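**Q** Got a predicted structure here, sequence first:
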Amino acid sequence: MPRAVWNGAVIAESDRTIVVEGNHYFPPDAVKQEYLQSSETHTICGWKGQASYYNLVVNEQTNRDAAWYYPQPKDAAGQIAGYIAFWRGVNIEA
């Protein structure tokens, strides 16, 4: 079962991830919300739309913008609406 691990903590775990462009997108209910902190960062993907970001905070350490999601993706990426993906040192164990 895929899981996202950073700084010794399991951030997310689910057998219902959706893989897009090599990234595992985890359903929101599989992500431990206590590790997420809202970020003001936004980026644009030509085919997915506008991404929003979270900082990860674990054991008093912050990994800025290490998680992202598409709250209202374009139709082509509709299946990942609200799902959360990780990068910046977050290990995805499959």
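**A** Done, it's in.
**Q** Tell me where this protein has strands.
**A** Listed in chain order, the strands of the chain (DSSP state E) span 3-6, 9-13, 18-20, 23-25, 36-45, 49-58, 61-69, 84-86, 91-93.
**Q** can you tell which of these is closest to residue 76?
**A** strand 49-58 (8.9 Å; C-beta to C-beta). Where C-beta positions appear, they are placed from N, C-alpha and C, glycine not excepted.
**Q** That closest one: how far from the chain's middle?
**A** 7 Å (C-alpha atoms, centre = their mean, to the nearest Å).
**Q** mind listing what's buried in that strand?
**A** Buried positions in strand 49-58, judged by neighbour count with 16 or more other C-beta atoms under 10 Å: 49, 51-58.
**Q** again with stretch 14-21
**A** 14, 17, 20.
**Q** mind checking how far the closest residue to the first one other than its chain neighbours is from residue 18?
**A** Setting aside the residues directly before and after it, residue 14 is nearest to residue 30 in space (C-beta to C-beta, 6 or more residues apart in numbering), at 3.5 Å. With distances taken as C-beta to C-beta, to the nearest Å, residue 30 is found 11 Å from residue 18.
**Q** Kindly report the same for residue 3.
**A** 15 Å.
**Q** What of residue 77?
**A** From residue 77 over to residue 18 the distance is 10 Å, taken as C-beta to C-beta.
**Q** do the same with residue 31
**A** Taking C-beta to C-beta, one finds residue 31 at 13 Å from residue 18.
**Q** Then residue 32?
**A** Distance from residue 32 to residue 18, by C-beta to C-beta: 19 Å.
**Q** Please apply the same query to residue 70.
**A** For residue 70 relative to residue 18 (C-beta to C-beta), the value is 11 Å.
**Q** list the residues that contact both of those two?
**A** 80, 83 (C-beta atoms under 8 Å, 6 or more residues apart in numbering).
**Q** circling back: make TSV out of the buried residues of stretch 14-21 and add pLDDT and distance to residue 42.
**A** Converted to TSV, those look like this (pLDDT from 0 to 100; distance: C-beta to C-beta, whole Å):
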residue	pLDDT	distance to residue 42
14	98	25
17	98	23
20	97	18
